[in-house]
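A.B. asks: this is a predicted model, with the sequence first.
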Amino acid sequence: MSGHQYIMALDQGTTSCRAILFDHEGAVIHVAQQEFQQIFPQSGWVEHDAEEIWRVQLQVMKQVAAQVPLESIAAIGITNQRETTVVWDRLTGKPLHNAIVWQCRRTSELCRTLKEQGLESTIREKTGLVLDPYFSGTKLMWLLDTFPHIREKAERGEALFGTIDSWLIWNLTEGRVHATDASNASRTLLLNIHTLQWDEDILQAMNIPASMLPEVRPSSGIYGHTSLLGSDVQVPIAGVAGDQQAALFGQGCFQEGMAKNTYGTGCFILKNTGEKPVLSQNGLLTTVAWQIGDRVNYALEGSVFIAGAVIQWLRDGLGLIEDAKESEELACSVEDTEGVYFVPAFAGLGTPYWEPNARGMITGLTRASGKAHLVRAALEAIAYQSRDVLEVMQQEAGMRLHDLRVDGGAVRNGFLMQFQSDLLGVSVVRPKVTETTALGAAFLAGLAVGFWSSLEELEQLKGLDRTFQPQQDEAYRESKYAGWRKTLQYQL
Ligand SMILES: Nc1ncnc2c1ncn2[C@@H]1O[C@H](COP(=O)(O)OP(=O)(O)O)[C@@H](O)[C@H]1O
Ligand SMILES: O=P(O)(O)OC[C@H](O)CO
């Protein structure tokens, strides 16, 4: 192992592809990042070009690899936007349709039909999920039902399904490995999370051929090797996890009861529930956190569909700001939103409401309302939605929140972090490495190849950047939140 100094993590997010090299201390050594195209073919529909994702991911990977001797890279870990559905041709390797993104609402009606057929409680018990367009199952079903040539190929064993991890593994590996890890598989609506097997009854009910599905493997372990960084070097792909589970791992939330919130395109709050799946009564999801060897860790999750994406919309949709960073300065330029509330339900509402038909809304506007109030209301909405999830988590899991560990692109925004702390009345703890998603994937890969030896060793690597303490009293907190809840009622 002596020449091995780095682990490379590939973080394939909703808006960009990243490649990051971490050293043995868990420090970021090199990063390359590139955004790719978001495709909105109709209202509420979202797609990505899977070939573009692969091209961009390979490019950033090569950029980073060029900074160090190839032999110094011990392994690659993959982490990815979850649920996004790719179907490709086994023979040509070409996608048979654009990837259908997790945010896409096109299967709302299909979900309703499946509910009417009485499938909801089976899905809940077996998969830990709810019947919502968010998950891969109905997206795959839609592709098979809409395009007869895709179904024909699937029935001949020539069409393969995968989430983005599988798509990258397939493209990276010499022998075209078709696999996924248990954390990603647990987001498809097709996996029995108790047995970690694809569920035959659900596949039958959704008319999905089992031959399309990838092999489910542990999150830490060798999937295959790639020579795409240099033909004479074989680098093992040794860790794979969905991005939110990877962030939980990268935050060092290894023990039952530990929780984190990641502020990226959406917000995802996960709480480690140990080795037993806990089923929620209030709209939280039960999901596989990771599998290492035979040991499976589960988590309860609250998913907020639009968080940082609302800031992107202010930038790209309205042209109100030029850069996400600007939102902080604008928000701080006013004392308050002066009664403006912004519900960014662009893609329906996730936890705990599960209302696929909800849509965005801005209320409380007056002639005195300006750009700064709107931007501030958008940032505040990210914090309100996170509180909605944490309220349910605390009620249900008997969790007493002492502090909140945070990560993701939007935690750079100091206003947002302070407001989150004020709104919850607890400390918000931001780590030094906010790339915890990528770090989690690196940890999983590093453990598999002996770069790191144990979870205890990984725990020592954590470093804090800043803790935000509440600066407002309970009266402020509760009156702001009551205003949010009242506004939300219009969409429920
Ligand atoms: N300073 C900032 N303030 C608010 N939001 C930000 C800031 N910087 C980045 N963001 C938001 O964070 C998101 C990107 O975070 P990232 O973790 O890379 O997301 P993803 O993995 O979903 O692509 C974008 O939606 C962007 O608008
Ligand atoms: O790309 P992110 O970081 O917004 O994460 C997306 C989630 O995995 C969707 O479930």
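C.D. replies: In hand now; what should we look at? Numbering: from 1, shown residues only. Ligands and ions are numbered 1, 2, ... in the order given.
A.B. asks: OK, contacts around the residue lying closest to residue 383 once chain neighbours are set aside?
C.D. replies: Residue nearest to residue 383 in three dimensions, not counting chain neighbours: residue 420, with 4.3 Å by C-beta to C-beta, 6 or more residues apart in numbering. From N, CA and C alone the C-beta is placed, and that goes for glycine too. Counting by C-beta atoms under 8 Å, 6 or more residues apart in numbering, residue 420 touches 382-383, 386, 404, 406, 428, 468.
A.B. asks: rerun that using 7 Å as the cut-off
C.D. replies: By C-beta atoms under 7 Å, 6 or more residues apart in numbering, the contact set of residue 420 is 383, 386, 428.
A.B. asks: list the ones among the residues you listed that fall in helices.
C.D. replies: Taking DSSP state H as the definition of helices, these contribute 383, 386.
A.B. asks: and which of the contacts of residue 420 is nearest ligand 1?
C.D. replies: Of all the contacts of residue 420, residue 383 has the smallest distance to ligand 1: 11.4 Å, by C-beta to the nearest ligand atom.
A.B. asks: could you point out which element follows the longest strand along the chain?
C.D. replies: Across the chain, the longest stretch assigned as strand under DSSP state E is strand 295-304. Sequence-wise, the next helix or strand downstream of strand 295-304 (DSSP states H and E) is helix 308-312.
A.B. asks: and that next one, what does it pack against?
C.D. replies: For helix 308-312, the elements it packs on are helix 371-397, judged by 3 or more C-beta pairs under 7 Å, 6 or more residues apart in numbering; DSSP states H and E.
A.B. asks: next SSE after the helix it packs on?
C.D. replies: According to DSSP H and E, the helix or strand after helix 371-397 is strand 403-407.
A.B. asks: returning to that earlier point: element containing the residue nearest to residue 383?
C.D. replies: Judged by DSSP H and E, residue 420 forms part of helix 414-424.
A.B. asks: all helices for the stretch 1-150 of the chain, in order.
C.D. replies: Here the stretch 1-150 of the chain has its helices, by DSSP state H, counting those that start in this stretch, at 50-65, 108-116, 120-127, 136-146, 148-155.
A.B. asks: next, format these as JSON lines and append distance to ligand 1, mean neighbour count and mean pLDDT.
C.D. replies: What follows is the helices of the stretch 1-150 of the chain, written out as JSON lines (distance: least, C-beta to the nearest ligand atom, whole Å; neighbours: other C-beta atoms under 10 Å; pLDDT from 0 to 100):
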{"stretch": "helix 50-65", "distance to ligand 1": "12", "mean neighbour count": "20", "mean pLDDT": "97"}
{"stretch": "helix 108-116", "distance to ligand 1": "22", "mean neighbour count": "16", "mean pLDDT": "94"}
{"stretch": "helix 120-127", "distance to ligand 1": "23", "mean neighbour count": "17", "mean pLDDT": "94"}
{"stretch": "helix 136-146", "distance to ligand 1": "17", "mean neighbour count": "22", "mean pLDDT": "98"}
{"stretch": "helix 148-155", "distance to ligand 1": "28", "mean neighbour count": "16", "mean pLDDT": "96"}
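A.B. asks: want to throw those into CSV with distance to ligand 2?
C.D. replies: Formatted as CSV, the helices of the stretch 1-150 of the chain follow (distance: least, C-beta to the nearest ligand atom, whole Å):
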stretch, distance to ligand 2
helix 50-65, 12
helix 108-116, 16
helix 120-127, 14
helix 136-146, 10
helix 148-155, 24
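A.B. asks: what would those helices look like in CSV with distance to residue 188?
C.D. replies: Formatted as CSV, those follow (distance: least, C-beta to C-beta, whole Å):
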stretch, distance to residue 188
helix 50-65, 16
helix 108-116, 14
helix 120-127, 8
helix 136-146, 4
helix 148-155, 15
